[in-house]
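[1] Dropping the sequence and predicted coords here.
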Amino acid sequence: MKLASLNAFLEYGFLTRALVAGVLMSVTCGLLSPFVVLRRLSFSADGLAHASLGGLALGMFLLASGPAPTLASYGVSFVFTCLVATAIAYFSGGQRVHSDTAVGACYVAAFAFGILLLSLRQRYSGHLEHFFFGSLLAVNPLECWLLAGLCLVAALLCFSCWRWLAQWTFDEELALAGGVPTAALRYALILLIAATVILSTRVVGVLLVTAMLILPGAIGTLLGRSMGIITLLSLGVALASTLTGLALSNAADVPPGPAIVLTAFALFVAAYLLRRQRDQRHSHARLHDSHEHAA
Amino acid sequence: MTHPPQPLLEVEKLTLDLSGRRILENINLAVAPGEFLGVIGPNGGGKTSLLRVLLGVLQPSAGRVRWAHASDGGRPHLGYVPQRGGLDRSYPLSACEIVKQGRSGARPLFGAARREVAALAEQLLHRVGLVEHAEAPFVHLSGGQQRRCLLARALMDSPSVLLLDEPTAGVDTEGQQQFCAILRELSEQGITIALVSHDIPLITKYAHRIACLGVTLHWHGAADALEQHTVLDAYRCELERYQVGEKRITSSGPHFHGGKHCL
């Protein structure tokens, strides 16, 4: 998919859809990512991405669908992944099981279920490449609309619960004592992650979607000191990674999913080095101040 | 004829069971407005659980909690300073941002409301002596500074009651004295305070009254009336040496200070 210029993205319908889908996925992941990172839900996001294989396989098994997912197969996959997400939230909500254990237990079960179903329907295994690595150029209008709806829901949740979410990231008990509905927030966030994983699978693939839910927020938290700045940085990084990744994909004729994720990772490394430099500068300044104070 | 002030908080026959275990049993307690109540007791005695019941996070198995002048949800505005565990060292938010989180509400603030919250946060950071650390990440503050930051956070909503769970644990003596002096000042301004602590000398110096909890309420009375046997009975352990206000508690039994019978 080598193209001469950005004009091609606007000229061809499938490329325009790819661009729109990429931007919508970026905004959704960019909004959710800071909360995924600060609430330490990275493993949950990864687990749900793997668990969605079970949903996809179930959709294929029940509907005998082809390589392009239909609304019905998305529905089956979404319901399945949401059930896994609910089970994770339920198990980790009490104090009997650590959240990592809950995620580990639930996602391997869902993944194993998916493998089992696919082994019964071997003729569909050829389409798994799309599932693992994404097929951005094959995004259809329905998927664009679903991504737009998801993006709107994520934006509404973030806006209407902005300060609750910030309090929840700091301390769950403190937030609960302050009247924040922490259980509802946990369920809402994990269900949104599940939906994001399923719909973003077409853009970057299930193996890479987790990166877009983690890296933008990780960069935001490395450089920001307030939730507003962290979220803006996260959004900016997600958008920049997607657009740069798409451009690189065109220029170098490589798949867009890995190009997007590697761009985000390069930005993560840059942010880490920037932060390290800033910390060193601050510690030198503190040392200088304490010497002056002692003198 | 003057009447005693109506209690702000009345705990009646409160019993709490968690996971089949009795945590609190038949607690009766009354706290007057502006009173500084110290809650002491051994580990597992139910001190934190009592605070969590007062906060509404836990529901009592029996009995009830009644607040006078209650606002929304049957409780007055409560400020809470939790017992701090190990917060992730990479948590990025600054001390000032943590204090701002204390203002209740779900939606983001814009314009004048945002400026008002920022000004109040700065004022409270100044009050707890942390204004020069406002932009530092919260996790980079020392233990004592973190507790003062959380106190400022708890004051953002102008609470009429402050509940504090071992806020001076792990803090040096000077930091403890500073913290309790601020609490005493707040109490004098009319804020009711319930402070859970293991530090009996400190708590008896600043609190008006003491409640000694060990599943049941062992004792409840004026801070300067706390006796050694009460503490020993509640803690059921050998006490090396405790200074209780002007009185001294030793493990070897009661002794005298200045001709006055002490513990």
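    On my side now, so go ahead. Numbers count the residues shown, from 1 in each chain, chains lettered A, B, ... in the order given.
[2] Any idea how many residues pack against residue B:132?
    Using other Cβ atoms under 10 Å in any protein chain shown, residue B:132 has 9 neighbouring residues. Just so you know, the C-beta spots here come from the backbone N, C-alpha and C atoms, and that holds for glycine as well.
[3] how far away is the residue in the stretch 101-250 of chain B that chain A sits nearest to from residue A:228?
    Nearest to chain A, among the residues of the stretch 101-250 of chain B, is residue B:108, at 4.3 Å (Cβ to the nearest Cβ). Residue B:108 is 8 Å from residue A:228, where distance means Cβ to Cβ, to the nearest Å.
[4] Please apply the same query to residue B:198.
    39 Å.
[5] same deal with residue B:99?
    Distance from residue B:99 to residue A:228, by Cβ to Cβ: 15 Å.
[6] quick one, which of those two is more surrounded?
    The neighbour comparison of residue B:99 against residue A:228 (other Cβ under 10 Å) goes to residue B:99, with 29 against 14.
[7] Now that one: which helix or strand?
    According to DSSP states H and E, residue B:99 maps onto helix B:95-100.
[8] got it, and residue A:163?
    Going by DSSP H and E, residue A:163 is in helix A:162-170.
[9] buried stuff in that helix?
    A:162-170 (16 or more other Cβ atoms under 10 Å in any protein chain shown).
[10] again, but for stretch B:139-153
    B:139, B:141, B:144-153.
[11] now it, how far from the chain's geometric center?
    Remark: stretch B:139-153 is offset 15 Å from the chain centroid, using Cα atoms, centre = their mean, to the nearest Å.
[12] State the mean pLDDT of whichever helix in chain A runs longest.
    Secondary structure of chain A read by DSSP state H shows that its longest helix is helix A:256-294. The average pLDDT within helix A:256-294 is 85.
[13] Show me what it is packed against.
    Counting contacts by 3 or more Cβ pairs under 8 Å, 6 or more residues apart in numbering or on different chains; DSSP states H and E, helix A:256-294 packs against helix A:13-38, helix A:182-204, helix A:206-223, helix A:227-252.
[14] Next, the angle helix A:13-38 makes with the third one.
    Angle of helix A:206-223 versus helix A:13-38, following axes from the mean of the first three to the mean of the last three Cα atoms, to 10 degrees, is 50 degrees.
[15] Packing partners of helix A:206-223?
    helix A:13-38, helix A:42-63, helix A:128-133, helix A:182-204, helix A:227-252, helix A:256-294.
[16] now do 6 Å
    The helices and strands touching helix A:206-223, judged by 3 or more Cβ pairs under 6 Å, 6 or more residues apart in numbering or on different chains; DSSP states H and E, are helix A:13-38, helix A:42-63, helix A:128-133, helix A:227-252, helix A:256-294.
[17] where does the stretch 101-250 of chain B dip in pLDDT?
    Counting by pLDDT under 70, the low-confidence segments of the stretch 101-250 of chain B come to B:236-250.
[18] Tell me which stretches of it form helices.
    All helices of the stretch 101-250 of chain B, identified by DSSP state H, counting those that start in this stretch, fall at B:111-127, B:143-155, B:173-188, B:200-206, B:228-235.
[19] which parts of the stretch 101-250 of chain A sit against chain B?
    By the rule Cβ under 6 Å from any Cβ of the partner chain, the part of the stretch 101-250 of chain A lying against chain B is A:161-164, A:166-167, A:173-174, A:176-177, A:221, A:225-226.
[20] and if we set it to 8 Å?
    By Cβ under 8 Å from any Cβ of the partner chain, the residues of the stretch 101-250 of chain A that approach chain B are A:159-164, A:166-167, A:169-171, A:173-174, A:176-179, A:221-222, A:224-228, A:230.
[21] rewinding a little: next up, the contacts around the nearest residue to the residue of the stretch 101-250 of chain B closest to chain A once chain neighbours are set aside.
    Leaving out its chain neighbours, the residue that sits closest to residue B:108 by Cβ to Cβ, 6 or more residues apart in numbering or on different chains is residue A:162, at 4.3 Å. Residues in contact with residue A:162, defined by Cβ atoms under 8 Å, 6 or more residues apart in numbering or on different chains, are A:227, B:106-108.
[22] go with 7 Å
    Contacts for residue A:162 were tallied using Cβ atoms under 7 Å, 6 or more residues apart in numbering or on different chains; they are B:106-108.
[23] the strands in chain B, which residues?
    In chain B, the strands defined using DSSP state E lie at B:9-18, B:21-31, B:36-40, B:62-67, B:78-81, B:161-165, B:192-196, B:209-214, B:216-222, B:241-244, B:247-250, B:256-257, B:260-261.
[24] Any chance of the ones you listed in a markdown table with mean neighbour count and distance to chain A as columns?
    Putting the strands of chain B into a markdown table (neighbours: other Cβ atoms under 10 Å in any protein chain shown; distance: least, Cβ to the nearest Cβ, whole Å) gives the following:
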| stretch | mean neighbour count | distance to chain A |
| --- | --- | --- |
| strand B:9-18 | 17 | 10 |
| strand B:21-31 | 18 | 13 |
| strand B:36-40 | 25 | 16 |
| strand B:62-67 | 16 | 14 |
| strand B:78-81 | 25 | 5 |
| strand B:161-165 | 23 | 8 |
| strand B:192-196 | 25 | 13 |
| strand B:209-214 | 22 | 19 |
| strand B:216-222 | 17 | 23 |
| strand B:241-244 | 17 | 30 |
| strand B:247-250 | 20 | 33 |
| strand B:256-257 | 11 | 41 |
| strand B:260-261 | 8 | 42 |
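[25] To residue A:78, which of those lies closest?
    The minimum distance between residue A:78 and the strands of chain B falls on strand B:9-18, with 36.6 Å, by Cβ to Cβ.
[26] Tell me how many other residues crowd residue A:252.
    For residue A:252, using other Cβ under 10 Å, the count is 9.
[27] In space, what's closest to it - neighbours in sequence excluded?
    Of all residues not flanking residue A:252 in the chain, residue A:259 sits nearest, at 7.5 Å (Cβ to Cβ, 6+ apart).
[28] wait, what's in contact with that neighbour?
    Residues counted as contacts of residue A:259 (Cβ under 7 Å, 6+ apart) are A:245, A:248-249.
[29] can you do 10 Å?
    Applying Cβ atoms under 10 Å, 6 or more residues apart in numbering or on different chains to residue A:259 gives the contacts A:204, A:241-242, A:244-252.
[30] Closest to residue B:223 out of these?
    The closest of these, once distances to residue B:223 are taken by Cβ to Cβ, is residue A:241, at 60.3 Å.
[31] So what's the residue count around the closest residue in space to residue A:272 that isn't next to it in sequence?
    Spatially, and ignoring its direct neighbours in sequence, residue A:272 is nearest to residue A:222 (6.1 Å; Cβ to Cβ, 6+ apart). By other Cβ under 10 Å, 21 other residues sit near residue A:222.
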